[in-house]
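Enquirer: structure for the following, please:
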Amino acid sequence: MQQLNSETIRQALSSQSDIIQVQMALPATPLKTEQFIHELAQAGGFRASNIDWGADRCQAILTKQDISAVLCIEWLCEAIWIEPTGTTDLVQIWHAFGLR
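Expert: Okay, here's the model as predicted:
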C-alpha cells in the first residue's frame with residue numbers, strides 16, 4: 001500500500017452521484033485497514049469510530065462536528081467509498097477534505 005498523507009488521500013478522492021470514491025489500493029491486513037481508516041479520517045479532520053467487520057468488508061463511522069459519513073471498504077468488489085449519513089450531503093464531506 002502506498003504511503004498515506006493528506007495530499008495523497010485528497011488526490012485519490014472522486015465525487016460520484018451519491019458517494020465519494022476512494023481510488024486507492026485496498027489494505028492487505030486488518031491492522032493496515034485500521035491504520036488506513038484513521039489516516040483517511042485524519043486527512044479530513046474526522047474522527048473514526050464504530051469500526052465494523054464483515055466477511056469481506058469493513059465499515060467505519062466518520063464524524064466531524066455536524067458532518068457524519070460511513071467509510072466502506074469491500075474486498076469482494078475491490079472498492080473503497082464514503083457515503084453521507086443523516087443530514088450530511090456529499091458537498092460537506094468533499095469540503096471537509098479541503099476539496100472545492
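Enquirer: buried sites along the host helix or strand of residue 62?
Expert: Assigned by DSSP states H and E, residue 62 belongs to strand 57-64. For strand 57-64, a neighbour-count test (16 or more other Cβ atoms under 10 Å) marks 58, 59, 60, 61, 62, 63, 64 as buried. All C-beta spots, glycine's among them, are computed from the backbone N, C-alpha and C.
Enquirer: where along this protein do the strands fall?
Expert: Secondary structure of the chain, counting by DSSP state E: strands at 13-15, 20-22, 47-53, 57-64, 67-74, 79-84.
Enquirer: any regions of this protein where pLDDT drops low?
Expert: Residue ranges of the chain with pLDDT under 70: 1-3, 100.
Enquirer: so who does the closest residue to residue 94 other than its chain neighbours touch?
Expert: Using Cβ to Cβ, 6 or more residues apart in numbering and skipping residues adjacent in sequence, the residue nearest residue 94 is residue 15, 5.9 Å away. Counting by Cβ atoms under 8 Å, 6 or more residues apart in numbering, residue 15 touches 21, 90, 94.
Enquirer: same thing with residue 47?
Expert: Applying Cβ under 8 Å, 6+ apart, the residues near residue 47 are 41, 62, 63, 64.
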